[in-house]
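A.B. asks: Based on what follows, work out the 3D shape:
(2 chains)
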Amino acid sequence: MNFTGFVDIVVALMLVAAMALMLVRLFIGPTLYDRVLAVNAFGTKIVLFLAVFSLAVGQADSIDIALLYALINFVATIAILKFFSYRSLDVALFDSEPRAARKDGEGE
Amino acid sequence: MMDWMFWLGVAQALASAAFMLTGAGLVLAGAIGVIRLPDFYTRMHAAGVTDTLGAELVIMGLIIQSGFTLVSVKLAILGLIVFLTSPTSTHAVANAAYRSGLKPLLRRWRSDETREEAQ
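C.D. replies: Reported below is the predicted structural model:
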């Protein structure tokens, strides 16, 4: 094994250790937001691990999976927070009714 | 000519190893901080250290290691996505926690609610 492959293996093992610590915080987290934070950081570490792993084994196809995981991780975090804030995903984040129909008469 | 190419490869490997080991050390320090810090907001600070500098240094080391190929372009796009989305999601978690009424744990400058809870 050459030097670069050795560095890749060491970095991958450090990322696995960090992921194990994130799992500990995910299971013992006192509040919901600790768990959401742990899931988000765990997803970031999985993205990094996939990128390092794909270069360590010499096949670069896993980087596409890492890209997909990064996008899904962000959307999932926002969706979890929105669901636990409003108890529904079917809530508009802006005021959709027209301004003339408001009761307070502001606008225009 | 051959000697020049050899030392260029050595410099590439050393720079890649320095970037990746520094980034992985920051990721590990952030994970230890998430375990050991006492409050949600301080844990969020440790996770933010992981998301910004640790991830970007690891991806930069992988870009240096992979050279000038399609793989490095994909890694650059991955780094851009992580750079844009992880502070946004950290801010969203903090905003949701603060608006739901989770109080920060302060030692000297307590708010009124936490002072009543502490005594």
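
A.B. asks: Could I get the average pLDDT for the host helix or strand of residue B:4?
C.D. replies: Taking DSSP states H and E as the definition, residue B:4 sits inside helix B:2-36. Helix B:2-36 shows an average pLDDT of 90 in the prediction.

A.B. asks: anything in it near chain A?
C.D. replies: Yes: Helix B:2-36 lies within reach of chain A by C-beta under 8 Å from any C-beta of the partner chain, at B:13, B:16-17, B:20-21, B:23-25, B:27-28, B:30-32, B:34-35. Yep, even glycine has a C-beta here, placed from its N, CA and C like the rest.

A.B. asks: now those residues: which count as buried?
C.D. replies: Neighbour-count burial (16 or more other C-beta atoms under 10 Å in any protein chain shown) applied to these gives B:13, B:16, B:17, B:20, B:21, B:23, B:24, B:27, B:28, B:30, B:31, B:34.

A.B. asks: Grab the nearest non-local neighbour of the residue nearest the centre of chain A.
C.D. replies: Nearest to the geometric centre of chain A sits residue A:73, at 3.2 Å (C-alpha atoms, centre = their mean). Leaving out its chain neighbours, the residue that sits closest to residue A:73 by C-beta to C-beta, 6 or more residues apart in numbering or on different chains is residue A:43, at 3.5 Å.

A.B. asks: So what does the one you found look like in phi/psi?
C.D. replies: When read as degrees, to the nearest 10, the backbone of residue A:43 gives phi -70, psi -40.

A.B. asks: which two in the residues of helix B:2-36 next to chain A are spaced the farthest apart?
C.D. replies: Largest separation among the residues of helix B:2-36 next to chain A by C-beta to C-beta: B:13 and B:35, giving 32.7 Å.

A.B. asks: which residues in chain A form helices?
C.D. replies: Applying DSSP state H to chain A gives helices spanning A:3-28, A:32-56, A:62-86.

A.B. asks: sorry, back to before: any idea which of the buried ones among the residues of helix B:2-36 next to chain A is closest to residue B:66?
C.D. replies: Residue B:66 lies nearest to residue B:16 out of those, by C-beta to C-beta, at 8.8 Å.

A.B. asks: Isn't the closest one up against residue B:65?
C.D. replies: Yes: with contact defined as C-beta atoms under 8 Å, residue B:16 and residue B:65 form a contacting pair (4.0 Å).

A.B. asks: anything in contact with each of these two?
C.D. replies: The contact sets of residue B:16 and residue B:65 overlap at residue A:4 (C-beta atoms under 8 Å, 6 or more residues apart in numbering or on different chains).

A.B. asks: I'd like to know how many residues surround residue B:60.
C.D. replies: For residue B:60, the neighbour count with other C-beta atoms under 10 Å in any protein chain shown is 19.
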